[in-house]
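Following is a predicted model, sequence given first.
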Amino acid sequence: MIMEKIITLRKKQGWSQEELAEKMNVSRQAVSRWENGTALPDALNVLQLSKLFHVTTDFLLNDDYKSDTDIPVVQMVKQKSDDLITKKKKFHLIAAVSFTIATICAVEGVITSTSNMQLLLSCFLLALCAANAMVQYFLYFKNYKK
């Protein structure tokens, strides 16, 4: 029920009824009535509560939802986000492997170079590929530890 959710969210923030009332520009008694179930916040106050507590109005108003993640649209967005992360993870891994192979080829160019210009270009390519490979591996392991 909304009264239990208001109490839980307020306490989670570490706010007293008075502090919540100040943030909402209502009386402490209004907050107390909401939490006791003797009154309900109007639509504007529900909207303001959702913004203050960083939850959806659906969550506040629907007794079937225990958290925002129970809301179907939130579940859909989370699934799309997880799918995107998986795609990005694959991209970083493919890029890391590709740059590693390019680094090996650049090392071969350094070893077999016959002129100073060829050696300089091979060293530049080696540094570029090695740096990119390291960045891609770093991004892969830093962002996707799942």
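The structure has been received and is ready for your questions.

What is the three-state secondary structure of A131?
helix (DSSP: H, G, I helix; E, B strand; the rest coil).

distance of it from A95?
Separation of A131 from A95 (C-beta to C-beta, to the nearest Å) stands at 12 Å. Where C-beta positions appear, they are placed from N, C-alpha and C, glycine not excepted.

what's the answer for M76, then?
29 Å.

higher neighbour count, those two?
A95 (17 against 10; other C-beta atoms under 10 Å).

Confirm for me that L93 is in contact with A133.
No - if you go by C-beta atoms under 8 Å, L93 and A133 don't touch, sitting 11.2 Å apart.

Please say which of the two ends up with more neighbours.
When neighbours are counted by other C-beta under 10 Å, L93 and A133 differ, and A133 comes out ahead with 20 against 16.

Just the pLDDT for the closest residue to that one other than its chain neighbours.
Distances taken as C-beta to C-beta, 6 or more residues apart in numbering put F99 closest to A133, at 3.5 Å, once the chain neighbours are dropped. At F99, the pLDDT value in this model is 81.

what about F99, helix or strand, and which?
helix 72-112 (DSSP states H and E).

and that helix, what does it pack onto?
Contact analysis of helix 72-112 by 3 or more C-beta pairs under 8 Å, 6 or more residues apart in numbering; DSSP states H and E lists helix 116-143 as its packing neighbours.

What residues sit buried inside the helix it packs on?
By 16 or more other C-beta atoms under 10 Å, the buried positions in helix 116-143 come out as S122, L125, L126, C129, A130, N132, A133, Q136, Y137, L139, Y140.
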